[in-house]
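K.L.:
what follows is a predicted structure for the sequence shown.
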Amino acid sequence: MTIPSLAGEPARILNSDGTLAESPEHGVTPGEVDLTALYRNLVLARRLDTEAIALQRQGELGLWPSLRGQEAAQVGAAHALAEQDMVFPTYREHGVALCRGIAPEALFGVFRGTTLGGWDSRAARFHLYTLVIGAQTLHAVGYAMGVVRDGAVGNGDPSRDTAVLAFLGDGALSEGETNEAFVWAAAQELPVVFFCQNNQWAISAPYTTQSRVPAAQRAAGFGFPGVRVDGNDVLACFAATRDALNRARTGGGPTLIEAVTYRVNAHTTADDAGRYRDDEETRRWAALDPIERLHAHLRSTEALDHVEREADAFAERLRVACRALPEPDPDGSFLHTYAEPDAELARQLDDYRGGAA
């Protein structure tokens, strides 16, 4: 794997106008990835996000962390995964969840308060959302240790060799857990890829207050490669993640990918981004829209109208599915905290039932 320079512009394959870059640092061979499938997942991820925000405003969800602007980073990375690879998300990887087959209503359940999880992470190879900033990086490293001990890396068997993909935001780089994860991953050459979506804002703190160097440059201090790509270029994100995952599966150790993108909406629906950032900055980044970029590239070769029609039908299903989510069982917190029955929780459950009656 050739590690690109971290100075200057991030590596890209598609320019902002949809034309191909002249000398991309990460290549994609014709037919390696289905461009129409990429476009479809970009559009559906955004529609999922748009509908979720509307549902939250209508009182159907308690909160929603928007991914708008980050669709290319998530969908590109997700398309590089092998079936056996394991993903550890934050709470904003709705596009990755969609690509991994997670039902959108399962995501809604987390933010509606009807479930504490919502899907079988082992079957989907997609861990539950993690709200504690940076904690998922240590979970990913621990899982990667297990992969090594199971002998599922470096065998030359593409159906068995496994990599772990951990997502994080730029704010997580300031957390101790993340740096500890980097230390462990490097020291043990673990098959884990850290995918940092640098969306420029850690809630209200700009990236420039956290670091004087690009995020990818931090990897060198821990002893593994860092790659910096245009996070609004779905092909660049796919190619960089493909290369890093291949390196991990063959025993080459960890990689840090910095996808330079932008959080177009507020941090969550409870946040007012207008209090801390300039509208002109948001407009500049919105003009670099990742979906429009791929659409411009495909416009002359692909019929895309069917994707928009599918998205409309998808949105209707989302609205119905969200409102149909069942009320949570009040006993669940007592019955499912431990794998085995617990006498103290049983006593508390009896007290609760007596009070509720």
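P.N.:
Sure, I can see it. The shown structure was predicted, so the numbers you read here are calculated from the model rather than taken from an experiment.

K.L.:
so how far is the longest helix along the chain off the chain centroid?
P.N.:
Across the chain, the longest stretch assigned as helix under DSSP state H is helix 35-57. From the chain centre to the centre of helix 35-57 is a distance of 14 Å (CA atoms, centre = their mean, to the nearest Å).

K.L.:
how about the strands in this structure?
P.N.:
Along the chain, the stretches classed as strands by DSSP state E are 86-88, 164-169, 192-198, 201-202, 205-206, 226-230, 255-260.

K.L.:
most tightly packed of the ones you listed?
P.N.:
strand 192-198 (a mean of 30; mean count of other CB atoms under 10 Å). Every C-beta, even on glycine, is put in place using the N, C-alpha and C of the backbone.

K.L.:
so which elements touch that one?
P.N.:
If you count contacts as 3 or more CB pairs under 8 Å, 6 or more residues apart in numbering; DSSP states H and E, strand 192-198 packs onto helix 71-78, helix 135-149, strand 164-169, helix 176-187, helix 234-249, strand 255-260.

K.L.:
now with 7 Å, please.
P.N.:
Packing partners of strand 192-198 (3 or more CB pairs under 7 Å, 6 or more residues apart in numbering; DSSP states H and E): helix 135-149, strand 164-169, helix 234-249, strand 255-260.

K.L.:
out of those, which is closest to residue 80?
P.N.:
helix 234-249 (3.9 Å; CB to CB).

K.L.:
that closest one versus helix 176-187: what angle between them?
P.N.:
Orientation of helix 234-249 against helix 176-187 (axes from the mean of the first three to the mean of the last three CA atoms, to 10 degrees) gives an angle of 60 degrees.

K.L.:
center of this structure - which residue?
P.N.:
For the chain, the residue whose C-alpha lies nearest the mean C-alpha position (CA atoms, centre = their mean) is residue 93; its distance is 3.3 Å.

K.L.:
please look at it and residue 167 and confirm they touch.
P.N.:
Yes. If you go by CB atoms under 7 Å, residue 93 and residue 167 touch, sitting 5.2 Å apart.

K.L.:
on that earlier part again, mind listing what the residue nearest to the centre of the chain touches?
P.N.:
74, 167 (CB atoms under 7 Å, 6 or more residues apart in numbering).

K.L.:
low-confidence bits of this protein, can you list those?
P.N.:
For the chain, the stretches with pLDDT under 70 are 1-8, 23-26, 30, 300-303, 356-357.
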